[in-house]
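[1] Using only what follows, build the 3D model:
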Amino acid sequence: MENTIDYGNLMHDAMRGLIQRVLQDLAKTGELPGDHHFFITFDTNHPNVDVADWLSDRYPDEMTVVIQHWFDNLEVTDEGFSITLNFGDQPEPLYIPYLALTSFVDPSVEFGLSFGVHEKEIVTDAVVDTLPIVEAPMHEDATTEDTLKPAAEVVSLDSFRKS
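    Model prediction:
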């Protein structure tokens with residue numbers, strides 16, 4: 001047993017739980033409210049990621065998907081989620097474990113989470129000040145404006161700490 005509390009991993013577990021809850025709500029309703037849409041970036045090298053070979057060849061390290069107008073078969077578990085997205089009129093099923101996530105952004109409300117890598121290969125970095133816009137394969141209903149919006153601001157928990 002360690003003699004410290006691993007707040008970094010506890011916080012990232014909570015952040016992954018938030019993403020799980022948002023996706024569970026989406027799976028129940030089948031549609032996003034208002035202008036909400038998600039940019040989800042993940043490590044394509046994570047051992048439990050399941051994407052088509054042509055996608056992993058095209059994005060060998062990291063990939064960003066957009067959940068907005070069209071998606072199908074969203075199933076959310078405690079370990080990750082599966083979803084079918086459209087890549088240029090080609091529906092492709094994906095499985096993304098939460099531990100593979102590197103960022104989650106909802107630019108419609110300027111909300112974002114960013115995960116770093118810990119020496120134990122478990123996420124522990126805190127949130128960052130801003131997230132970059134990442135080039136993403138987009139479904140047929142998305143517009144180029146979706147990738148040109150300013151990066152979402154992410155609040156650092158350090159700003160709330162007492163000195």
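[2] Over to Gln20: give its phi and psi.
    phi -60, psi -40 (degrees, to the nearest 10).
[3] Any figure for the gap between Tyr95 and Asp50?
    Note on Tyr95: its distance to Asp50, by C-beta to C-beta, to the nearest Å, is 4 Å. (Each C-beta comes from the backbone N, C-alpha and C, glycine too.)
[4] anything in contact with each of those two?
    Counting by C-beta atoms under 8 Å, 6 or more residues apart in numbering, the residues touching both Tyr95 and Asp50 are Ser82.
[5] So between those two, which is more surrounded?
    For Tyr95 versus Asp50, the count of surrounding residues by other C-beta atoms under 10 Å is larger for Tyr95: 16 against 13.
[6] tell me which element the more buried one falls in.
    For Tyr95, the host element (DSSP states H and E) is strand 91-97.
[7] neighbouring contacts of that strand?
    For strand 91-97, the external contacting residues (C-beta under 8 Å, 6+ apart) are 40, 42, 46, 48-52, 55, 65, 72-73, 79-86.
[8] And these, which of them are buried?
    Buried residues within those, counting neighbours by 16 or more other C-beta atoms under 10 Å: Ile40, Phe42, His46, Val49, Val51, Leu55, Val65, Gly80, Phe81, Ile83, Leu85, Asn86.
[9] Might you report the residue contacts of the first one?
    Think Ile40. Neighbours of Ile40 in contact, by C-beta under 8 Å, 6+ apart: Thr64, Val65, Val66, Ile67, Ile96, Leu101, Ser103, Phe104, Val105.
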